[in-house]
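*Asks:* dropping the sequence and predicted coords here.
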Amino acid sequence: MNFSDERKFRRWFIIFSAISLIILIVWNAVIFFQRLKEDERKKMNIWAAAQVSLDQADDNTDL
């Protein structure tokens, strides 16, 4: 009986550990992609401002 209880505990411990690990990986992936999205949005805003500046520039404007 003791052997069976120990196996059940190990099995549930492994299952719980695996689920916890998966949750941590997904959580970190979500955080990573949020930061990536914000960074790319900032870069695109800078690029858009540069394009507007180029579009409004005259032929004699020093870029």
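*Replies:* Great, that's in hand. Numbering: from 1, shown residues only.

*Asks:* every contact and neighbour count from this point should use C-alpha atoms.
*Replies:* OK.

*Asks:* residues near residue 9, how many?
*Replies:* By the criterion of other Cα atoms under 10 Å, residue 9 has 12 neighbours.

*Asks:* how close does it get to residue 16?
*Replies:* Residue 9 sits 10 Å away from residue 16, going by Cα to Cα, to the nearest Å.

*Asks:* same question, residue 38
*Replies:* For residue 38, the distance to residue 16 - Cα to Cα - is 33 Å.

*Asks:* repeat for residue 48
*Replies:* Taking Cα to Cα as the measure, residue 48 and residue 16 are separated by 48 Å.

*Asks:* what ranges in this protein fall below the confidence cut-off?
*Replies:* By pLDDT under 70, the weakly predicted segments of the chain are 1-3, 63.

*Asks:* give me that answer again for 80
*Replies:* 1-3, 59-63 (pLDDT under 80).

*Asks:* so which elements touch the strand or helix carrying residue 39?
*Replies:* Using DSSP states H and E, the element containing residue 39 is helix 2-56. Packing partners of helix 2-56 (3 or more Cα pairs under 8 Å, 6 or more residues apart in numbering; DSSP states H and E): none among the helices and strands.

*Asks:* gap between stretch 10-30 and the chain center?
*Replies:* Computed by Cα atoms, centre = their mean, to the nearest Å, the chain-centroid distance of stretch 10-30 equals 18 Å.

*Asks:* CA atoms of it as CSV?
*Replies:* Output of stretch 10-30 as CSV, limited to C-alpha atoms (Å, rounded to 0.1, in the frame of the first residue of the first chain):
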residue,chain,number,x,y,z
ARG,A,10,5.5,10.9,-7.8
ARG,A,11,3.1,10.8,-10.7
TRP,A,12,1.1,13.8,-9.5
PHE,A,13,4.3,15.6,-8.7
ILE,A,14,5.6,15.1,-12.2
ILE,A,15,2.3,16.1,-13.7
PHE,A,16,2.1,19.2,-11.6
SER,A,17,5.7,20.1,-12.4
ALA,A,18,5.2,19.7,-16.1
ILE,A,19,2.1,21.9,-16.1
SER,A,20,3.9,24.5,-14.0
LEU,A,21,6.8,24.5,-16.5
ILE,A,22,4.5,24.9,-19.4
ILE,A,23,2.6,27.8,-17.8
LEU,A,24,6.0,29.5,-17.1
ILE,A,25,7.1,29.1,-20.7
VAL,A,26,3.9,30.4,-22.1
TRP,A,27,3.9,33.3,-19.7
ASN,A,28,7.5,34.3,-20.6
ALA,A,29,6.6,34.0,-24.3
VAL,A,30,3.7,36.3,-23.9
